[in-house]
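Student: I would like the atomic coordinates for the input below:
(4 chains)
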There are 2 protein chains.
Amino acid sequence: MAETGSDTTKRKPSRIQQKNRKRVLEAALEVFSQHGYRGSTLDQIADTAGLSKPNILYYFSGKEEIHVTLLNRLMETWLDPLAHLDPSGDPMEELLAYTRRKLEMSRTYPRESRLFANEILQGAPRIAPHLESGLKPLVDEKCDLIQQWVDAGRIAAVNPRHLIMSIWSTTQHYADFEAQVRVLEPETDASWRAAGAHLETMFRKLLQP
Amino acid sequence: MAETGSDTTKRKPSRIQQKNRKRVLEAALEVFSQHGYRGSTLDQIADTAGLSKPNILYYFSGKEEIHVTLLNRLMETWLDPLAHLDPSGDPMEELLAYTRRKLEMSRTYPRESRLFANEILQGAPRIAPHLESGLKPLVDEKCDLIQQWVDAGRIAAVNPRHLIMSIWSTTQHYADFEAQVRVLEPETDASWRAAGAHLETMFRKLLQP
DNA sequence: TCGTGAGTTTACCAAATGGTAAAAAAGCAA
DNA sequence: TTGCTTTTTTACCATTTGGTAAACTCACGA
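Tutor: Purely as a prediction, here's the structure:
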């Protein structure tokens, strides 16, 4: 049986396979993050990747597999900052550091942020299982941690779930709504700096016991 | 010249025209807000509206006109709460009331919120002019107002632009990322109540002089 | 009731799109 | 070089999609 590059059986990935799969995923990220799943075409991805459409389908079984692959890889990166919330650290500093990391990710990986936003906006049809199995347990765990900090009086009384959602929404806003932000504040560098200062102030005041 | 229902010349809209144009727009809102512009099809809109595709094209010149019409109508509704920020009111109460109105709109009109989010996510290709001509002047004006409140010491020192963006992002999050919110907190009613309380606390603390 | 224009349907079409078959080319071990 | 596998290209295809032409139906005033 000729291996088509899928994952039914495992073989050595071959240097050229790794390289081209990477090119496809990079191009797909560019395209999907801008137009959403249904708004993106294999031709666009092929053009962006500098490969032919059938060539792309030699590496991936179809459009959906490319999209799902991207989302799966993304989830790890995306949850990483929250996973690093340290129970043994200083609560205030941990949460502010988390906010900083999240904002930094929005600046560094805006396409990833938009890819995720697109998927959630459309009801998370292809990533719902991962939300249940990956995101939810982690959030539950960290909510417990934050609640302990609250109970111990080390930070002000807040709803942990909604605190986390506030951090997500405010930080991701700068990536997901970039087109709008740019209209209101065209100086990109200054905008990011002001955003960082603003969020630092806001969450510090919120959490001050 | 037979009027096709477009707007090249003005005639009396005829009761049935008004009714059916409304049906189309209602259906288009449902579809566009879920799949984005390119992900939505005229057939979907036609099915949802209970009309045939050519019938829809009797009332609108094409897919794009429907979308643009929706976005234009939306802009007014969307900016309305901000426009009502009253210079003569109490600063803290005005801003908290604005936040409440915004959250209420996310709950009442989630589809409109998602339609807007979709458009911005994709770089605002069809609404960019309106952002410049409609949103920007209003935001600039209200930023001046907030800055005056800050200068007068009536609220804490904040960056007005980023305050507004914080209010937008946190309130709209509950509509735009509903699929994710539901995973973390399945009890919808409780979620909205907790959101209201959380945002009230957060912005009150932020703005307390 | 008849005519006229508004509204609706049926039958299409050209382009775009996801995907496939198979031949051709490029690597590569012997 | 030879023979085999991996990779890439060329030529397609079926379906979907936005849109149109023209026939048809319906409401309603004269």
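Student: can we go C-alpha only for contacts and neighbour counts from here?
Tutor: Noted.
Student: pLDDT of stretch A:34-54, averaged?
Tutor: In this model, stretch A:34-54 has an average pLDDT of 96.
Student: and it, anywhere near DNA strand D?
Tutor: Yes - residues of stretch A:34-54 contacting DNA strand D under Cα under 7 Å from any atom of the strand: A:Leu51, A:Ser52, A:Lys53, A:Pro54.
Student: and for that stretch, what are the contacting residues?
Tutor: A:23-24, A:26-28, A:31-32, A:56, A:63, A:67, A:111, A:114-115, A:118-119, B:35-39, B:121-123 (Cα atoms under 8 Å, 6 or more residues apart in numbering or on different chains).
Student: ok so, going back, could you list which of the residues of stretch A:34-54 next to DNA strand D also contact DNA strand C?
Tutor: Among the residues of stretch A:34-54 next to DNA strand D, the residues that sit close to DNA strand C (Cα under 7 Å from any atom of the strand) are A:Lys53, A:Pro54.
Student: A:Ser169: which element?
Tutor: Secondary structure from DSSP states H and E places A:Ser169 in helix A:160-176.
Student: past that helix, which element shows up next along the chain?
Tutor: helix A:178-184.
Student: in the next helix or strand after that following helix, which residues are buried?
Tutor: Sequence order places helix A:188-207 as the next helix or strand after helix A:178-184, per DSSP H and E. Within helix A:188-207, the residues that count as buried by 16 or more other Cα atoms under 10 Å in any protein chain shown are A:191-192, A:195-196, A:198-200, A:202-207.
Student: same check on stretch A:181-189?
Tutor: A:Val181, A:Leu184.
Student: pretty sure A:Leu82 contacts A:Thr99?
Tutor: No - counting by Cα atoms under 8 Å, A:Thr99 is not a contact partner of A:Leu82; they are 9.4 Å apart.
Student: neighbour count winner among these two?
Tutor: The neighbour comparison of A:Leu82 against A:Thr99 (other Cα atoms under 10 Å in any protein chain shown) goes to A:Thr99, with 24 against 18.
Student: now that one. Nearest residue, chain neighbours left out?
Tutor: Closest residue in space to A:Thr99, ignoring its immediate chain neighbours: A:Ile167 at 6.2 Å, by Cα to Cα, 6 or more residues apart in numbering or on different chains.
Student: can you tell me how far A:Leu79 is from chain B?
Tutor: Going from A:Leu79 to chain B by Cα to the nearest Cα, to the nearest Å gives 14 Å.
Student: ignore the last one, A:Leu206
Tutor: Distance from A:Leu206 to chain B, by Cα to the nearest Cα: 6 Å.
Student: do A:Arg100 as well
Tutor: In this view, A:Arg100 and chain B are 15 Å apart by Cα to the nearest Cα.
Student: can you check A:Leu184 too?
Tutor: Distance from A:Leu184 to chain B, by Cα to the nearest Cα: 6 Å.
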